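Asks: mind looking at a prediction? Sequence and model below.
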Amino acid sequence: MENLTYEMYLANLAIREEIEREGRRARAEGMRRFVAAPLARTIARLFTSARPKPAAQTEIGLARGNVLRVENARNMRVRVARGMLWITQEDDPSDVVLERGESFLLDRDGVALLHACGGAPQTLISLAPAV
């Protein structure tokens, strides 16, 4: 664009609109690049690191008919050592039933209910972070 005087700016509507449009585009790009993107990265880091993860495998015995409520268990592996286990996860229409020697990776955020069922008086399970 040639040298623009203030009088030319005021007199020409097309020039004013082009300059204002470019200003809005630059402000929007600056907001995305310097505010929105860094803020989104910071929030993602906070929420990812806020969820505690067990460092090792945990073994749990459940008497027949008892239910274990596990919160925020995404990416935890459930393994049945003895008995039978019925797993229901929040926002998952299908349930899973595990028998001795089987395992399942919890793949939903929210609550998972682990119900000891079957003929054994006690179900022995282990929970461990997926590797």
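Replies: That came in fine, so what should we check first?

Asks: skip ahead from the helix or strand bottoming out on mean pLDDT in the chain and say which helix or strand is next.
Replies: In the chain, the helix or strand scored least confidently by mean pLDDT, DSSP states H and E is helix 37-50, which has a mean of 70. For helix 37-50, the following helix or strand on the C-terminal side (DSSP states H and E) is strand 58-63.

Asks: quick check: buried residues in that next one?
Replies: Of the residues in strand 58-63, residue 62 count as buried by neighbour count, 16 or more other C-beta atoms under 10 Å. All C-beta atoms are positioned from the backbone trio N, CA, C, and that covers glycine.

Asks: partner strands of it, with direction?
Replies: Strand pairing for strand 58-63, determined by DSSP bridges: strand 122-129 (antiparallel).

Asks: for the residue nearest the centre of the chain, which three-state class applies?
Replies: In the chain, the residue lying closest to the centroid (C-alpha atoms, centre = their mean) is residue 109, at 6.4 Å. Counting by DSSP: H, G, I helix; E, B strand; the rest coil, the backbone at residue 109 sits in coil.

Asks: residues in contact with it?
Replies: 72, 74, 90 (C-beta atoms under 8 Å, 6 or more residues apart in numbering).

Asks: residue 4 and residue 21, how far apart?
Replies: 15 Å (C-beta to C-beta, to the nearest Å).

Asks: swap in residue 79?
Replies: 60 Å.

Asks: between those two, which has more neighbouring residues?
Replies: Neighbour count, other C-beta atoms under 10 Å: between residue 79 and residue 21, residue 79 has more, with 18 against 10.

Asks: where's that one relative to residue 11, distance?
Replies: On the measure of C-beta to C-beta, residue 79 and residue 11 end up 78 Å apart.

Asks: before we move on, what about residue 43?
Replies: Distance, residue 43 to residue 11, by C-beta to C-beta: 47 Å.

Asks: for residue 78, list each beta-bridge partner.
Replies: residue 104, residue 127.
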